[in-house]
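Asker: Have a look at this fold, sequence not included:
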């Protein structure tokens, strides 16, 4: 088995990490009230569940791209497209989070949680996964057998 064949593919791994990061962001709190006493995670609402579903589908596409040899470009393109859609949705939800937070009274002590920002970072990773199937290449080995021999 050659070193090039055994090396892990970089693009599907980046996409898989991005999908896992989006899924992690959906279970983290998106909004806290009363200085953190009440936490509302993304999966409490419809948009969080849709982001989780998108992360799962993107993760499956990335996993299939990692396992498939010939069809990896199509799976990576699907994962990148889904990552772009998740990024747009995450940014729209971040905007709406700040609008909602500004509309709440100061008595509620509303704060933005880290969940939506983690979702956006993971979606960015998923969307920017390298286009080609990149593999780590072994360093070229120099041939030192003929050194020191006079010609």
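Answerer: Great, that's in hand. Because the structure is predicted, anything quoted here is derived from the model rather than measured.
Asker: Could you list the buried residues of stretch 58-71?
Answerer: By 16 or more other Cβ atoms under 10 Å, the buried positions in stretch 58-71 come out as 58-59, 61-66. To be clear about C-beta, it is placed using only N, CA and C from the backbone, and glycine gets the same treatment.
Asker: how far is it from where the chain is centred?
Answerer: Chain-centre distance of stretch 58-71: 14 Å, with Cα atoms, centre = their mean, to the nearest Å.
Asker: The residue positioned nearest the centre of the chain is in what secondary structure piece?
Answerer: When Cα atoms, centre = their mean is applied to the chain, the residue found nearest the centroid is residue 18 (1.2 Å). In the assignment (DSSP states H and E), residue 18 maps to helix 10-27.
Asker: Please apply the same query to residue 30.
Answerer: Assigned by DSSP H and E, residue 30 belongs to strand 29-33.
Asker: same thing with residue 90?
Answerer: Using DSSP H and E, residue 90 falls in helix 72-103.
Asker: that older thread, is it correct that the residue nearest to the centre of the chain is in contact with residue 76?
Answerer: No - counting by Cβ atoms under 8 Å, residue 76 is not a contact partner of residue 18; they are 11.6 Å apart.
Asker: Between the two, which contacts overlap?
Answerer: 62, 129 (Cβ atoms under 8 Å, 6 or more residues apart in numbering).
Asker: Wait, residue 129 touches residue 76, no?
Answerer: Yes - contact criterion Cβ under 8 Å: residue 129 and residue 76 qualify, at 6.2 Å.
Asker: Could you name every residue contacting both of the two?
Answerer: 11-12, 15, 62.
Asker: number of nearby residues for residue 104?
Answerer: By the criterion of other Cβ atoms under 10 Å, residue 104 has 12 neighbours.
Asker: is it true that it touches residue 98?
Answerer: No - between residue 104 and residue 98 there is no contact under Cβ under 8 Å: 10.9 Å.
Asker: residues making contact with stretch 124-131?
Answerer: So stretch 124-131 is in contact with 10-12, 14-15, 17-19, 21-22, 58, 62, 76, 79-80, 82-84, 86-87, going by Cβ under 8 Å, 6+ apart.
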